[in-house]
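>>> model this:
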Amino acid sequence: MDETGLFFRLLPRYFRAMQEDDGGSAGEAKDRVTLIACSNSTGSHKIPCAMVGRAVEPACIQHRQWPIPYLAQRRAWVDQEVCSKWYEEVFMPAVRQRTNHSVLLLIFNSQGRFSKPVERDRVRVLVFPPSGIGQREYFHQGVISALKKKYKYLYLKEVLSFH
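Numbering: from 1, shown residues only. Here you go, the predicted model:
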């Protein structure tokens with residue numbers, strides 16, 4: 001499991017270069033969400049990507065079925081409460097739908113989300129410190145980068161089709 005921040009209204013760099021520079025900031029904190037990504041080591045089983053936003057129930061998803069799990073936190077961060085909720089509502093159902101065997105969940109850059117290793121319901125959680133070398137290899141092989149690029153591509157496609 002790893003996380004990344006996403007400024008969801010920010011256009012790609014090459015597109016912004018064509019616009020006039022208004023001297024504004026790259027994005028405001030309210031336009032930022034955190035994405036939680038998780039998969040097995042081969043990438044053959046991907047846990048649904050979850051989004052952490054600031055609003056408890058954003059206007060854009062009220063009374064609608066949202067395509068990915070949405071969790072709320074005041075600053076759109078993954079704190080201990082959000083991490084526990086993700087574990088119970090997203091991770092465990094997705095894992096148990098696929099297998100009843102023992103599972104090892106590696107959490108990188110934990111920053112106190114799980115204070116110690118946890119083992120429950122045949123799931124063992126190992127927590128790594130923020131600066132572990134070589135531990136985040138899988139997600140640094142471009143998985144998170146590819147996720148962000150795909151989002152920006154679809155976002156730009158949506159913006160351009162609006163005209």
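>>> state which helix of the protein is the longest.
In terms of residue count, the longest helix belonging to the chain (DSSP state H) is helix 143-161.
>>> now do the helices in the protein.
Using DSSP H, helices in the chain cover 13-16, 80-86, 92-98, 143-161.
>>> and the last one, what does it pack onto?
Under the contact criterion of 3 or more CB pairs under 8 Å, 6 or more residues apart in numbering; DSSP states H and E, helix 143-161 touches strand 2-7, strand 32-39. Every C-beta, even on glycine, is put in place using the N, C-alpha and C of the backbone.
>>> quick one: low-confidence parts of the protein?
Along the chain, segments meeting pLDDT under 70 span 14-30, 109-117, 130-141, 163.
>>> just want the most central residue of it.
Taking CA atoms, centre = their mean, the centroid of the chain lies closest to residue 35, which sits 1.7 Å from it.
>>> please name the residues that touch it.
Residues counted as contacts of residue 35 (CB atoms under 8 Å, 6 or more residues apart in numbering) are 3, 4, 5, 6, 49, 50, 51, 52, 144, 147.
>>> burial of the residue lying closest to residue 54 once chain neighbours are set aside, as a residue count?
Excluding its sequence neighbours, the residue lying closest to residue 54 (CB to CB, 6 or more residues apart in numbering) is residue 76, at 4.9 Å. Neighbour count for residue 76, taken as other CB atoms under 10 Å: 21.
>>> can I get stretch 101-109 in CSV, CA atoms only?
Written as CSV, here are the backbone C-alpha positions of stretch 101-109 (Å, rounded to 0.1, in the frame of the first residue of the first chain):
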residue,chain,number,x,y,z
HIS,A,101,-5.3,-17.6,2.2
SER,A,102,-2.9,-15.7,4.5
VAL,A,103,-2.0,-12.2,3.2
LEU,A,104,0.9,-9.9,3.9
LEU,A,105,0.2,-6.2,3.6
LEU,A,106,3.2,-3.9,3.3
ILE,A,107,2.6,-0.3,4.3
PHE,A,108,5.3,2.1,3.2
ASN,A,109,5.9,5.6,4.6
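>>> measure the closest residue to residue 95 other than its chain neighbours to residue 45 for me?
Distance criterion CB to CB, 6+ apart; nearest residue to residue 95, sequence neighbours excluded, is residue 103 at 5.4 Å. Residue 103 is 10 Å from residue 45, where distance means CB to CB, to the nearest Å.
>>> if you count what's nearby, which of those two comes out ahead?
Neighbour tally, residue 103 and residue 45, criterion other CB under 10 Å: the higher count belongs to residue 103, 17 against 14.
>>> surely the more buried one touches residue 122?
Yes: contact criterion CB atoms under 8 Å: residue 103 and residue 122 qualify, at 6.6 Å.
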